[in-house]
Structure formats: structure tokens, C-alpha cells
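Predicted structure and sequence below. I'll ask about it afterward.
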Amino acid sequence: MPRIASDPALDIEPDFTSATFEGIRNRIIGNTQLTHDEAANELATGWQQDRDIRLAAWTLQVNEETRLAAEAAQAERELLEQERVLLEQEAEKERRETEKKKPKINDFQAGASVGDTLTHRPSQYAIHKLKSFEYVELWYFSPDGCREAADEAKSAADSTFGFTKVDDFIALKPVAAFKPSRKVIQDHSLEWRQFDMAKNSFLLYMNKLKWPEKHQRAITMFFMNVVSHPQRSEPFGERALLLYAARVRRDWHDTLALDNAFDISVFNTTLLKNLAEEVWNKLRLESLTELAMSSQGNGRESHTSSHRNQARSSTRPTRSRSRSPARNSSGRLPPRSSSPNRQRPCQDPKRPSQDKRPFQGGTASSGHHACALCLGRFAHNIHKCKSDLLWDNKTPTSCRRSAEGRLVNAQGLQLCYDWQRPNGCASTSKDHIHECSGCGNTDHGAQKCPRGQEV
């Protein structure tokens, strides 16, 4: 049915008795006996019926339009609600992202006082290593290592940054936080007191950094087995136990990374016995080397002394009984002859001349310059010294000697050898790296290094 434009109830019934409808009335009357009034009534009845039909259709049409309008309004409200929810979700997501990027600070206990003692804090490098479950030397957790970290924190500049991963983000952190110390001492070279104090701090930070309980118990039992082992009472027993602790702990970290680690709390007596034998062999070799060097030094001194005495006796002038030398027949003094009995002072062929004195030529007090590698002033060939420990046989050297005999630092750079001499080096060339071969500082050479053997 076509759409009804207006409400039929508002239509006005026409006057069917008027002249306008006379023709229609005549057609209705036709051959019938109806009057004009009756014909008008027929027309009015038909109009009323038609209006009733249109009123019903109008009611249906209005109801349908109302329903459609309500559904459209509901759909629009739902769409607006969805848009509002999406906007709220986006705003919440942005808020969470912003919260993640904000620096977080934990809560504190109101009214709680600081403890009576404060634990020394190791360097950021050591904490980063331990947090990453990687191997790190115990020296970093000793009082010496913590003090060195505090001094470095005061003097080091934090202007150099590097990339690091924090959770799911890439962040910038000071490079100094991941730089190892140049003064680090390997575990096997620590003193027993340093080892005992450092392992306590090490275990404390393992707990703070949330290591698994199983791993904490194992490493704690490992240290207890080391410090309470009866080998400590034996000669050089602590040295053997330090070597055992250093190698076993490093191997444990290596195997942890490979996912086939052993139980470090189980003590291997056979391995300790082998390492103790290794310590003894090293001590025997050091003793033999020291004895040989001492004998060689005494032989040289004796040989040099005999040559000097011979030179003094041969060059000492003999007194003549006559006040004037004898003259020849012509009354002239005889010419000076090169008598075989007249000798010049003897020069030791093994001692270099004054203008070609080697680097180890003595000082006025010690007799030896410091070795540029081990910083020792004892008698040894400093030009071929390849020791990996300083003169005290405990501290690792800061440099190494290359295959060509050059001094090379930890970064692989060749150091200026003249800089290590007493007079230093005046060159300003970039090829001359003026860095102490003993400690790495640039304000002095090996002869003035505080780590060197005292005169």
C-alpha cells in the first residue's frame, strides 16, 4: 500500500448533497427509484468506509515508523557507547604505557630507622653480572673492591652511555656501570681474609637479587665446605683451597650457561688433592728459580769484584827510590813505552759500558730498576719477563708481553716502553701511549708505580 501522507482523521467529509456531486448522484440513481438524498447518503457511507480503512493503514504506518525510529535511535546509542568504550580503552592503554615508562619507587616503612651497620656496596658492574647469573670475581664484594667502586663513582664521569635491555624496552645506561675494574684480583690470588669477607657479601647480594633458593643453598654450602675444610691447617692449604674455590665456581657458572651444571655443594676431595699438588709444584719451581737467580747474581758479583781488584792492583803506580827518573846518554828522558806490565783497568765483558747501560741498570739505593711487567726489583731478565703476577706473586699484572716482546695493555694497545724508564718519554706522538704498565695511570711510569716493589 502506498505511504499515506497525512492523518485520515483530519479529513473533512464532503457535502454530497451539493451541486458538485449531482452528476454522481444521477449515475447512482440511474433506473432506480432512489432519491438524491438517498444517493448522497450512499456516497457518505462509502466515504466513511474508505476513511476507516485509511485510518487503520495510517495507524499501522505510524506504528512502523515509530518502531524503525526507535531501532535507529537504539543503534545510534549503541554505536556511541562503543565509541565511548573504545576511547576509554585507548586512554587506559596510554595511561598504562605512560606508567610503565615512569621511574618507579617502592614504598617505605614509616617510623623505621636505618640499621646500626651499613653493608658496603659493590660496583654496578658486579651487581649487573650477579643479576644476570654470570660469573663475577669475589674481589668486587670485598671491602677493597667496594671502596674502589665508591672512589670510581665519585671520580668517573657518567657522560658516556650505552644501550641495554630493561624488561621489554631498550634503555640507556652509563657505560661505567658495565666496565670491569682494572684493579680486580682473581679469586685464587685473594688473601684468605679477603676471600672470607667477600663471600659473605656475595651471598647477601645473591639473596637481594632473588637468586633461586636451590642455587643459594648450594653456593652457601660450597663456601662452608671450603672455609671449614681441614686442609686449611696444612702448609699452603689455604692457597690450595682458594684455587679450588676459584676454579670450581667458575666452572659451575660455565656449566649453568650450558644447562648441564653439577651440584657445587658436593665437595670433590680428589680435585682438591690435585690442585694442592699443583700449588706445591709451583712453589718448588719458584724456589728453584729464585735460588738459581740468587746464585747467578752472587757469581756475577764475585767475578766483577775480582776484576776490579785486579784492575786496581795493575794500575797502582810503583814508587821509585830515586827522586827523578833515569835519563839516557843524551840527557833526555826515555820515551814512554807501552810496557806489557802496564795495564789499563779491566772491563768486565759481561758488564755493559756506562753509555749502553741496560734498563735494569741500578739506582743508587736498590741496584735495580723496576721491571715494567711485574714491577719487581729483584734480579731477573726484565726484558724477557712474562710473569702474569706482580712481584708479590698475588696481584695479576695489568699488562702482558706480546710475542714480539712488546708491552700490551688489557685493550690490546702497545704501551710506550720509554715511558716506563726512569727519565720517561718526551714524545707527543699518538703512537707513544704514555700509560703505566703496572696500574694503567697516565701520570707516571713503571718506576714510580705505587704497586711496585719497594726500594
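Cool, the structure landed. Computed from a predicted model, the values in this text were never measured in an experiment.

May I ask you to name the longest helix in this structure?
If you go by DSSP state H, the chain has its longest helix at helix 36-101.

what ranges of this structure fall below the confidence cut-off?
Flagging of the chain using pLDDT under 70 yields the residue ranges 1, 153-169, 171-178, 296-367.

tell me the contacts of residue 139?
Listed by C-beta atoms under 8 Å, 6 or more residues apart in numbering, the contact partners of residue 139 are 145, 184, 185, 186, 187, 190, 194, 198. Every residue, glycine included, has its C-beta placed from N, CA and C.

mind redoing it with 6 Å?
145, 184, 185 (C-beta atoms under 6 Å, 6 or more residues apart in numbering).

starting at the chain centroid, how far to the next helix or strand after the longest helix of the chain?
The first helix or strand that comes after helix 36-101 along the chain, using DSSP states H and E, is helix 124-131. Centroid separation for helix 124-131 versus its chain: 7 Å, with C-alpha atoms, centre = their mean, to the nearest Å.

again with stretch 403-419
25 Å.

repeat for stretch 126-145
Taking C-alpha atoms, centre = their mean, one finds stretch 126-145 lying 10 Å from the centre of the chain it belongs to.

Please point out which parts of that stretch sit buried.
The neighbour-count check on stretch 126-145 (16 or more other C-beta atoms under 10 Å) flags 126-127, 129-130, 135-142, 144-145 as buried.

how about the nearest residue to residue 394 once chain neighbours are set aside, phi and psi?
Using C-beta to C-beta, 6 or more residues apart in numbering and skipping residues adjacent in sequence, the residue nearest residue 394 is residue 189, 4.8 Å away. When read as degrees, to the nearest 10, the backbone of residue 189 gives phi -100, psi 0.

what's the spacing between residue 189 and residue 232?
Counting by C-beta to C-beta, to the nearest Å, the separation of residue 189 from residue 232 is 17 Å.

who has more neighbours, the two?
residue 189 (23 against 13; other C-beta atoms under 10 Å).

State the distance from the closest residue to residue 55 other than its chain neighbours to residue 21.
Spatial nearest neighbour of residue 55, excluding adjacent residues (C-beta to C-beta, 6+ apart): residue 8 at 4.7 Å. According to C-beta to C-beta, residue 8 and residue 21 sit 20 Å apart.

do the same with residue 55
23 Å.

quick one: which of the buried residues of stretch 126-145 is nearest to residue 2?
Within those, distances to residue 2 taken as C-beta to C-beta reach their minimum at residue 127, with 86.3 Å.

Now the residue lying closest to that closest one once chain neighbours are set aside, what are its backbone angles?
In space, and not counting its chain neighbours, residue 127 is closest to residue 205: 6.9 Å by C-beta to C-beta, 6+ apart. When quoted as degrees, to the nearest 10, the phi and psi of residue 205 stand at phi -80, psi -30.

Tell me how many other residues crowd the nearest residue to residue 272 once chain neighbours are set aside.
Distance criterion C-beta to C-beta, 6+ apart; nearest residue to residue 272, sequence neighbours excluded, is residue 244 at 5.0 Å. Using other C-beta under 10 Å, residue 244 has 25 neighbouring residues.

Next: residue 370.
29.

With residue 227 instead?
14.

What distance do you get for it to residue 201?
Residue 227 sits 14 Å away from residue 201 when distances are taken as C-beta to C-beta.

what's the answer for residue 452, then?
Taking C-beta to C-beta, one finds residue 452 at 30 Å from residue 201.

How about residue 406?
38 Å.

try residue 447
36 Å.

Helix, strand or coil: sort out the residue nearest to residue 220 when sequence neighbours are not counted for me.
Setting aside the residues directly before and after it, residue 220 is nearest to residue 203 in space (C-beta to C-beta, 6+ apart), at 5.8 Å. Here residue 203 is helix, with the state taken from DSSP: H, G, I helix; E, B strand; the rest coil.

count of neighbours near residue 203?
Count around residue 203 with other C-beta under 10 Å applied: 16.

where's it relative to residue 86, distance?
Taken as C-beta to C-beta, the span from residue 203 to residue 86 is 52 Å.

cool, and residue 14?
Where residue 86 is concerned, residue 14 sits at a distance of 59 Å (C-beta to C-beta).

Looking at those two, which one has more neighbours?
residue 14 (13 against 10).

Give me the phi and psi for the more buried one.
With angles defined as degrees, to the nearest 10, residue 14 sits at phi -70, psi 160.

Check residue 184 too.
As for residue 184, its main-chain torsions (degrees, to the nearest 10) stand at phi -60, psi 140.

Tell me which residues of stretch 97-108 come out buried.
Applying 16+ other C-beta under 10 Å to stretch 97-108 flags no residue as buried.

Just the endpoints, please. Distance across that stretch?
25 Å (C-alpha to C-alpha, to the nearest Å).

so how far is it off the chain centroid?
24 Å.

How about stretch 391-404?
Using C-alpha atoms, centre = their mean, the offset of stretch 391-404 from its chain centre is 24 Å.

can you list the residues that contact it?
Contacts of stretch 391-404 (C-beta under 6 Å, 6+ apart): 186, 189, 373-376, 386, 388, 390, 407-409, 437-438, 440, 453.

Show me which of those residues are buried.
Applying 16+ other C-beta under 10 Å to the contacts of stretch 391-404 flags 186, 189, 373-376, 390, 407-409, 437-438, 440, 453 as buried.

Pick out the most distant pair among those.
408 and 453, at 21.9 Å, using C-beta to C-beta across these.

still on that earlier bit, just put the contacts of residue 139 in TSV and tack on distance to residue 36.
Listed next are the contacts of residue 139 as TSV, based on distance: C-beta to C-beta, whole Å:
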residue	distance to residue 36
145	129
184	130
185	135
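
nearest to residue 430, of those?
Using C-beta to C-beta, the contacts of residue 139 come closest to residue 430 at residue 184, 28.3 Å.

Just to check, the closest one is in contact with residue 141?
No. With contact defined as C-beta atoms under 6 Å, residue 184 does not count as touching residue 141 (11.3 Å).
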